[in-house]
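# Sequence plus the predicted model coming up.
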Number of protein chains: 2
Amino acid sequence: MGIQKQPCPNTKTRIMDTAEQLFALKGFQCTSIKRLACAARVNQAAVNYHFGSKAALIEKIIDRRLRPINRQRIERLEAVQQAAARQGCRPRTEDVLHAFIEPTFALTEIIQTEKYFLSIAGRVFSEPDDAIRSILILHFKPSFLLLFKLMKAALSGLPEAVLLWRLHFVIGALAHCMYMCGTRLAVPDFFPLPDNADTMVKLLISFATNTMNAPYYRENENMLGFDSLEY
Amino acid sequence: MGIQKQPCPNTKTRIMDTAEQLFALKGFQCTSIKRLACAARVNQAAVNYHFGSKAALIEKIIDRRLRPINRQRIERLEAVQQAAARQGCRPRTEDVLHAFIEPTFALTEIIQTEKYFLSIAGRVFSEPDDAIRSILILHFKPSFLLLFKLMKAALSGLPEAVLLWRLHFVIGALAHCMYMCGTRLAVPDFFPLPDNADTMVKLLISFATNTMNAPYYRENENMLGFDSLEY
DNA sequence: GTCTATAGATTGATAGAC
DNA sequence: GTCTATCAATCTATAGAC
């Protein structure tokens, strides 16, 4: 599990790129400043000099990748929303999911180390550290809310409770794919996987569309015991 | 996020139950022996006296819950397999998924603290600590391999590559649901959720069935660039 | 089995020379 | 900006009295 050596950027960038890999592979707690500095071939004091603290470094690393991803998500979701409004019809499920999912993996082809970050972001819900989870959620929340809104418009006939569960299934699958993509599609413990992110994204979008558009039978409704669904 | 107080079992059990909650809520690294002993109302030295080391405690906690879950999975999958063999037909997708998914949440109604453990197990793929992830995977692997085998039998017409991706989507959704169930269905950061595990399991199984049984169009095959699919 | 006290290692962060 | 040296806090684990 060798760390990818960077060519020779400046110290600050080298720290961030190396930290991104180590945090993704080993987690935040297991990555000490000492080991990070050693892997990045910088002095140990340089980390605190450039970023102030370990927490600030983590926040900076998350912000660097997550901000453009969610900005692009929102732009594309709003485009879908406006196109549907112009035509006076509901947005199509597939278009909404495409606008939401694709930006997640858009940069992986260009930036080599960005895909490591997807492992960090894929832990958004199950991240044990409260502070880090809060940072991740703060970034994700606006695009998630917009996704929810457009999906309700696209599937206005579906009971909101069913829509919410299906969204959670899709989000779980998406998070898992992000994690796998981040570790170079190498989760060989159970099943082999093709080393092809493009294929994954296409199948993921069609999977999500199929899940959200699945028929719903009213007779099952009596088994849905929902407490509060106001949003 | 108060820790649930146990009635008054013996020291060893009280340590395990409290550790299960803290590990699920805060993670392994963030839970020190000191804090664990304090929360369990036992002496700090008692943890090492009863379990030898922190790593051994973690292994014991995982083993306690995961062994019966995976034993039940395998028993029920084998029952599905044998029933299909007797009738000379392929196993039904829904039966296979039901046998695999349901045991995951079977004990949550009975044992109060068991659902906390689902948060730990839900991190099986994205767990940062290598040692812990290895322990989790070692437990899960046999039932996952049997699931894979039976899904191939149930969907023999489907290209293996497509089947693998769909399995990963289902597994991602399952892991997410395990995590949510473990934190008492409280992931209110994005979407509200009903506090009803039974509903979740039913919808999860029908979701998984719908995903695996989805039609597949041959013309898409050229976009699948798989390297090695031997197993 | 339970307790106090502490060893021994590692952590994040900083002071100060260059 | 980079380095060495070090502080103070925290961690796991253990020794030994009761």
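Okay, I see it. Numbers count the residues shown, from 1 in each chain, chains lettered A, B, ... in the order given.
# contacting residues for the residue nearest to residue A:130 when sequence neighbours are not counted?
Using Cβ to Cβ, 6 or more residues apart in numbering or on different chains and skipping residues adjacent in sequence, the residue nearest residue A:130 is residue B:26, 7.7 Å away. Using the backbone N, CA and C atoms, a C-beta is placed for each residue, glycine as well. For residue B:26, the contact set (Cβ atoms under 8 Å, 6 or more residues apart in numbering or on different chains) comprises A:128, A:129, A:130.
# Mind pulling the model confidence for the closest residue to DNA strand D within chain A?
Closest residue of chain A to DNA strand D, Cβ to the nearest atom of the strand: residue A:43 (3.0 Å). Residue A:43 is assigned a pLDDT of 98 by the prediction.
# That one against residue A:36, yeah?
No. Judged on Cβ atoms under 8 Å, residue A:43 makes no contact with residue A:36 at a distance of 11.3 Å.
# Between these two, point out the one with more neighbours.
The neighbour comparison of residue A:43 against residue A:36 (other Cβ atoms under 10 Å in any protein chain shown) goes to residue A:36, with 23 against 11.
# What strand or helix carries the more buried one?
helix A:33-40 (DSSP states H and E).
# Can you spell out which helices and strands pack onto the helix or strand just after that helix?
Later in the chain than helix A:33-40, the nearest helix or strand by DSSP H and E is helix A:44-51. For helix A:44-51, the elements it packs on are helix A:11-26, helix A:33-40, helix A:54-87, judged by 3 or more Cβ pairs under 8 Å, 6 or more residues apart in numbering or on different chains; DSSP states H and E.
# Tell me the spacing between residue A:116 and DNA strand C.
From residue A:116 across to DNA strand C, the span is 18 Å (Cβ to the nearest atom of the strand, to the nearest Å).
# distance of that residue from residue B:98?
37 Å (Cβ to Cβ, to the nearest Å).
# One more: residue A:93?
Per Cβ to Cβ, residue A:93 is found 27 Å from residue B:98.
# what does residue A:69 give?
As for residue A:69, its distance to residue B:98 is 36 Å (criterion: Cβ to Cβ).
# before we move on, what about residue A:50?
Distance, residue A:50 to residue B:98, by Cβ to Cβ: 54 Å.
# neighbour count winner among the two?
Using other Cβ under 10 Å as the criterion, residue A:50 and residue B:98 rank with residue B:98 on top: 20 against 17.
# does the helix or strand hosting that one come close to chain A?
Assessed by DSSP H and E, residue B:98 sits inside helix B:93-105. No. Applying Cβ under 8 Å from any Cβ of the partner chain, one finds helix B:93-105 separated from chain A by no less than 11.9 Å.
# what helices or strands is that helix leaning on?
Packing contacts for helix B:93-105, counted by 3+ Cβ pairs under 8 Å, 6+ apart, involve helix B:54-87, helix B:130-154, helix B:160-182, helix B:197-212.
# ok, the spatially closest residue to residue A:50 that is not a sequence neighbour to DNA strand C distance?
Excluding the flanking residues, the one nearest residue A:50 by Cβ to Cβ, 6+ apart is residue A:12, at 4.8 Å. Distance, residue A:12 to DNA strand C, using Cβ to the nearest atom of the strand: 15 Å.
# How many residues are close by residue A:12?
15.
# ok, back up a step: quick one: contacts for the residue of chain A closest to DNA strand D?
When contacts are counted by Cβ under 8 Å, 6+ apart, residue A:43 touches residue A:37.
# same check, this time on the one 4 residues further on
For residue A:47, the contacting residues are A:15, A:33, A:36, A:37, A:54, A:57, by Cβ under 8 Å, 6+ apart.
# circling back to that earlier point, does the helix holding residue A:36 reach DNA strand C?
Yes. Using Cβ under 7 Å from any atom of the strand, helix A:33-40 reaches DNA strand C at A:33, A:34, A:35.
# Give me the residue ranges of chain A where confidence is low.
Across chain A, the ranges flagged by pLDDT under 70 are A:1-7, A:108-112, A:184-189, A:192, A:194-195, A:218-231.
# Get me the contact residues on it for DNA strand D.
Counting by Cβ under 7 Å from any atom of the strand, the residues of chain A near DNA strand D are A:10, A:11, A:42, A:43, A:44, A:45, A:46, A:49, A:50.
# List the contacts of the last one.
The reference is to residue A:50. Going by Cβ under 8 Å, 6+ apart, residue A:50 touches A:11, A:12, A:15.
# give me the number of residues near the residue nearest to residue A:38 when sequence neighbours are not counted?
The shortest distance from residue A:38 to any non-neighbouring residue, by Cβ to Cβ, 6+ apart, is to residue A:44 (7.9 Å). Residue A:44: 14 surrounding residues under other Cβ under 10 Å.
# Ok, residue A:72 next?
Using other Cβ under 10 Å, residue A:72 has 17 neighbouring residues.
# That one touches residue A:104, doesn't it?
No. Using Cβ under 8 Å, residue A:72 is not in contact with residue A:104, being 9.2 Å away.
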